[in-house]
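J.: coordinates for the following, if possible.
(2 chains)
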Amino acid sequence: MSAMESFRRVVIMGEMHGRDLTKRHAALGLLVALPLSFYLSSAGTGDKAIVAGGVGMAFAVSGATLFSVLSSGEVDQRLVLSGYRLHELLLGRLAFLGPLGLALAAAFGALMSTVSDPARPWLTFVGVAAVALLSIPFGLAVGSAVPRELEGTLILIGVVGMQLAMSPTSTLARLLPFHGPQVLISSSLSADGPIAWPLALTFLYGAALLVLARVLVARRVAVTRHVPPTRATHTHRPEPGSP
Amino acid sequence: METVGSAPAGQLVVSQVSKRFGRLMVLDRVDLVVRRGEVIALTGENGAGKSTLLRICAGLVRADAGVVRVGGRIGYCPQAPGLFELLTADDHLVMFGRGAGIGRAESLRLGHEILEEFGYPRHDRSVTRDLSGGTRQKLNLALALLADPAILLLDEPYQGFDRGTYVNFWDHCRTWRDAGKAVVVVTHMLAELERVDRVVELPAHPSRLDAGRAG
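T.: Modelled structure (predicted):
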């Protein structure tokens, strides 16, 4: 199969996931309203608001990703049967969710930079963008691990809620996925906060979550391939990457 | 999983396939051969493992033991319409068509042809959530047929069909057979069994040895 054909499949998947998700008006509105309300309700309390709003945006992006994964639970396996490769399904989702997350991050970053006036506004944008991008593999992993939206939503609330509620210096907070972006956003409030290590931590956590999501999605949509008559002798050939 | 040679073109060969869910043995060493140009009705009581066997043949469920040999592309129509609820029929045709390497325009042309054969409302732009159960199954059937598969695995695909479409479906089985496809239809409709070439009944008791040899 040519790279161009694979690219077309990724584009189609991105287009269809976009169409599906953008029709969920109420759900998306509520997901965006949640971190917005976190931020606006604490906007007058100082530094805490910008961190709450920025990290709270993980609800919006990981929630949208979660809905995207779980709404296609029954279809994904048939898409693999029809000829799609696992990485095409994943890249198709990322092709839509990545730009969506970054657009949301830009809007949130602009709002918070205007209202809260951080010392380094550009770093606020970087931190919120890190939240958005990290939320996608996080939502993919959670969505692939749970059977229904209720369980997935509760996990999102639990993890993001803990990240917001705990002191960033506590040991457990350092282990949670959004610690790196949280530190980045906090650093944007002063002229000398750390940048390099929280950025590296975000990257590492994102890569680890992507690998985990890849494994979980493979388990969920694995299709046993039957070899056509003119080829080799293995009757059952698991989808590459499936366990 | 054992490895063996592949099936002749257009054939489906199931050898000694077993499947257990927890402590429940659903399929026990089932054998089944469906030849090119043959329509088989797969019957049995609820829980006999008909849908599981079809899903194993399609590759959607892994057998605990045994082998499945498939001589060509599979078209699979599930019992329950698992579709994107907020996408239209055209969206699904484009998406599934691309999986088989078919372009957007050709997927729509082929898909519309199949849908019209089953009386799908012309120019319907509704999302699948708003469609009736029977209409959704027509779309599922079209998705199974879109890439002109050699082997059709149909799990009670007529659920919700009106009378006319239901009769039409069995007429199509004959057409598919004449076109050389191997067709397996899971069915409880005993009145239609005379319209198939062979009936294979999966027994409901725990030991299902040689069930597929019945025909």
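J.: which stretches in chain A count as strands?
T.: Across chain A, reading from the start of the chain, the strands by DSSP state E fall at A:224-226, A:236-238.
J.: weakest of those strands by average pLDDT?
T.: Lowest mean pLDDT within these: strand A:236-238, a mean of 43.
J.: residue of chain A nearest chain B, please.
T.: Here the residue of chain A nearest chain B is A:Glu74; by C-beta to the nearest C-beta that distance is 2.8 Å. Quick note: C-beta positions are derived from backbone N, CA and C, even for glycine.
J.: that residue against B:Gly82, yeah?
T.: Yes. At 2.8 Å, A:Glu74 counts as touching B:Gly82 under the criterion of C-beta atoms under 8 Å.
J.: give me the pLDDT for B:Leu12.
T.: At B:Leu12, pLDDT is 93.
J.: what's the local residue count around it?
T.: Residue neighbour count, defined by other C-beta atoms under 10 Å in any protein chain shown, stands at 27 for B:Leu12.
J.: got the phi and psi for it?
T.: phi -120, psi 120 (degrees, to the nearest 10).
J.: wouldn't it be in contact with B:Gly71 here?
T.: Yes. B:Leu12 lies in contact with B:Gly71 (C-beta under 8 Å); the separation is 7.3 Å.
J.: and for these two, which residues touch both?
T.: Taking C-beta atoms under 8 Å, 6 or more residues apart in numbering or on different chains as the contact rule, B:Leu12 and B:Gly71 both touch B:Ile151.
J.: who's in contact with A:Ala52?
T.: Applying C-beta under 8 Å, 6+ apart, we find A:Ala52 in contact with A:35, A:38-39, A:42, A:164.
J.: now the nearest residue to it once chain neighbours are set aside: how far from A:Lys48?
T.: Spatially, and ignoring its direct neighbours in sequence, A:Ala52 is nearest to A:Phe38 (4.6 Å; C-beta to C-beta, 6 or more residues apart in numbering or on different chains). Taken as C-beta to C-beta, to the nearest Å, the spacing of A:Phe38 relative to A:Lys48 amounts to 10 Å.
J.: so for those two, which sits in the more crowded spot?
T.: The residue with more neighbours, out of A:Phe38 and A:Lys48 and counting by other C-beta under 10 Å, is A:Phe38; that gives 21 against 15.
J.: so that one makes contact with A:Gly56?
T.: Yes. In this structure A:Phe38 lies within contact range of A:Gly56 using C-beta under 8 Å: 4.0 Å.
J.: so for these two, which residues contact both of them?
T.: By the contact definition C-beta under 8 Å, 6+ apart, A:Phe38 and A:Gly56 are jointly contacted by A:Leu164.
J.: spell out the secondary structure type for the residue of chain B at minimum distance from chain A.
T.: Proximity to chain A, evaluated over chain B using C-beta to the nearest C-beta, is greatest for B:Gly82 at 2.8 Å. Here B:Gly82 is recorded as coil under DSSP: H, G, I helix; E, B strand; the rest coil.
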